[in-house]
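A.B. asks: okay, predicted coordinates and the sequence, questions at the end:
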Amino acid sequence: MDSSQQRAALHAEVARLHGTPLYVYDLSVVRRNLKRFARFDSVRYAVKANSNLAVLRALREGGARCEVVSAGEIERARAAGFTPGEMVYTADLMDRRARALVGDLKLHVNAGSASMLEDVATVCGPGQVTLRVNPGFGEGHDRKVTTGGAHSKHGIWHEELPAVRDRAEALGLRVTGLHVHIGSGLEGRFVERTVESMGSAVALFSETLERVSCGGGMSFPYAPGEEAFDLEGFAETWLAARDRWSRELGRPLTLEAEPGRLLVADAGVLLTEVCGMKSTGREGATFLLVDAGFHSMIRPLLYGAFHRISTLAEDGRPTTPKMVAGPLCESSDVFTQGKEGAPAPQALPDMERGELLMIHDVGAYGAAMASCYNSRSLPAEVVIGDDGAASLARPAINPNHQLELEKELLP
Ligand SMILES: Cc1ncc(COP(=O)(O)O)c(C=O)c1O
């Protein structure tokens, strides 16, 4: 058996053991991806992309720190072994649960709004803080993930920074970090412009600044032929800026990257069982009906995102353009859709009930965004370790637990 046949056999075996839909992550891919960021002074993994404990632990062991955005993520990061000093809490607001945990652990906060400074001063007391800057423009693979510009709820508007500096000082907060993240799925068009904008912010906080974070958002090439993000060029531009600013300030500034997707996207596949096939008789309108739906992976529905779909191994069967659709009572429950739900069939063979399909590159924002819609389970997650062995890392979560709690409340 060659290595792709071995992997197909392993996928078939874990699907048999744990059922489908099933996420499978290859931790060696996560570790390899982390090494690509070695030129940055530090790498802070955005936990929201994939919060599986085994994935978090692999990244921590590889030397990453982490960025958390909720009390739940703080708890997960701690369970994976991250110390409070290795976490930064990023948000534009702090809810009650987060206030309690951030305060208890004295987490460093990356404040995305001026009003959060009051929260930080109240729950953590005087100390250090980072400010997330909205430089006035944004970029992303979809409008929904563009996090800069006048209509974004994220970050402190760049023109407000002088007033925020005064407010922080009055509250006894030292601004030691500046952070920018203008969106997810960046192509790199705005790197120079972002650096220039951050240069003005660096000058404004020159007395206290220690760190600059260039955020995450680096795009991943999901579709065949799509250009890969120029991480080398991106790092080069930011490192040159770090060196220039350090010279101007007369002391070393550190540069941090905060990727999510690029560390985990290609580490994950979603295995799903074919439950039937049907056709309207029109071209490209043959449907493979599978047991995964947008409750298992919502990116195609949410963004018109492309994910390659294949059989477990190349088996030489003839293919035709096919749609792949899930079990939910929603017409949008289709994996092969583009923007605005446009049909985007993929080349697949005719398949029998019980055969498996594999949805590729779902390690980022796949399981992390899954839900129990239609009272269906959250999928289980399996990891493949460095020795090639697979183990269950998260069991499927059946909403029947919720059902039991609700039954108890019925009069
Ligand atoms: C503040 C912040 N940092 C980092 C990320 C990671 O982005 P990506 O997964 O696109 O690299 C996000 C994603 O939304 C974010 O909001």
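C.D. replies: All right, it came through fine.

A.B. asks: got the residues of the stretch 151-300 of the chain near the ligand?
C.D. replies: By CB under 6 Å from any ligand atom, the residues of the stretch 151-300 of the chain that approach the ligand are 181, 184, 215-218, 258-262. Yep, even glycine has a C-beta here, placed from its N, CA and C like the rest.

A.B. asks: make it 5 Å
C.D. replies: 181, 184, 216-217, 258-261 (CB under 5 Å from any ligand atom).

A.B. asks: now those: which count as buried?
C.D. replies: 181, 184, 216-217, 258-261 (16 or more other CB atoms under 10 Å).

A.B. asks: any idea which of those the model trusts least?
C.D. replies: Least confident of these in the model: S184, at 92.

A.B. asks: once you drop chain neighbours, what's closest to that one?
C.D. replies: V145 (4.1 Å; CB to CB, 6 or more residues apart in numbering).

A.B. asks: which pLDDT does the model give that neighbour?
C.D. replies: pLDDT, V145: 91.

A.B. asks: likewise for the one 3 residues further on?
C.D. replies: Reported pLDDT at G148 in the predicted model: 93.

A.B. asks: does it touch I156 like I think?
C.D. replies: No: applying CB atoms under 8 Å, one finds G148 not in contact with I156, separated by 11.3 Å.

A.B. asks: can you list residues touching both of the two?
C.D. replies: Taking CB atoms under 8 Å, 6 or more residues apart in numbering as the criterion, G148 and I156 both touch N134.

A.B. asks: quick check: can you list the domain ranges of the protein?
C.D. replies: 38-258, 265-405 (automatic domain parsing).

A.B. asks: quick one: contacts for the closest residue to the ligand within the stretch 301-411 of the chain?
C.D. replies: Here the stretch 301-411 of the chain gets closest to the ligand at one residue, A364, 5.8 Å apart by CB to the nearest ligand atom. Contacts for A364 (CB under 8 Å, 6+ apart) come out as 49-50, 220, 260-261, 263-265, 268.

A.B. asks: one more pass at 6 Å, please.
C.D. replies: By CB atoms under 6 Å, 6 or more residues apart in numbering, the contact list for A364 reads 49-50, 260-261, 264-265.

A.B. asks: biggest separation within the residues of the stretch 151-300 of the chain next to the ligand, which pair?
C.D. replies: Across these, no pair lies farther apart than H181 and R261, at 12.1 Å, counting by CB to CB.

A.B. asks: hey, C-alpha coordinates of the strand ranked longest in the chain in PDB?
C.D. replies: Ranked by residue count, the top strand of the chain under DSSP state E comes out as strand 268-279. The C-alpha trace of strand 268-279 is given here as PDB (Å, rounded to 0.1, in the frame of the first residue of the first chain):
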ATOM      1  CA  GLY A 268      -8.400  18.600   9.000                       C
ATOM      2  CA  VAL A 269     -10.800  16.600   6.900                       C
ATOM      3  CA  LEU A 270     -14.500  15.900   7.500                       C
ATOM      4  CA  LEU A 271     -15.600  12.300   6.700                       C
ATOM      5  CA  THR A 272     -19.200  11.900   5.800                       C
ATOM      6  CA  GLU A 273     -21.300   8.900   4.700                       C
ATOM      7  CA  VAL A 274     -23.200   8.800   1.500                       C
ATOM      8  CA  CYS A 275     -26.900   8.100   2.400                       C
ATOM      9  CA  GLY A 276     -28.300   8.300  -1.100                       C
ATOM     10  CA  MET A 277     -28.200   9.800  -4.600                       C
ATOM     11  CA  LYS A 278     -30.800  11.600  -6.600                       C
ATOM     12  CA  SER A 279     -31.100  13.800  -9.700                       C
END
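
A.B. asks: for it, give me every contacting residue.
C.D. replies: 11, 15, 20-25, 286-292, 297, 351, 353, 355-360, 362-363, 366.

A.B. asks: next one: stretch 310-330
C.D. replies: Residues outside stretch 310-330 that contact it (CB under 6 Å, 6+ apart): 5, 8, 11, 284, 286-289, 292-293, 309, 333-336, 345, 347-349, 356, 358, 374.

A.B. asks: how about T122, secondary structure?
C.D. replies: helix (DSSP: H, G, I helix; E, B strand; the rest coil).

A.B. asks: if I look at the one residue in the stretch 51-200 of the chain that gets nearest to the ligand, how far off is L59?
C.D. replies: Of all residues in the stretch 51-200 of the chain, S184 sits closest to the ligand, at 3.3 Å by CB to the nearest ligand atom. According to CB to CB, to the nearest Å, S184 stands 18 Å off from L59.

A.B. asks: now S3
C.D. replies: In terms of CB to CB, S3 sits 25 Å off from L59.

A.B. asks: so between these two, which is more surrounded?
C.D. replies: Neighbour comparison, S3 and L59: the larger count goes to L59, with 26 against 8 (by other CB atoms under 10 Å).

A.B. asks: that older thread, give me the buried subset of the contacts of stretch 310-330.
C.D. replies: If we count by 16+ other CB under 10 Å, the contacts of stretch 310-330 have these buried: 8, 11, 286-289, 292-293, 309, 333-336, 345, 348-349, 356, 358.

A.B. asks: by contact count, what packs against whichever strand or helix holds D243?
C.D. replies: Per DSSP states H and E: D243 is located in helix 231-249. Packing partners of helix 231-249 (3 or more CB pairs under 6 Å, 6 or more residues apart in numbering; DSSP states H and E): helix 191-204.
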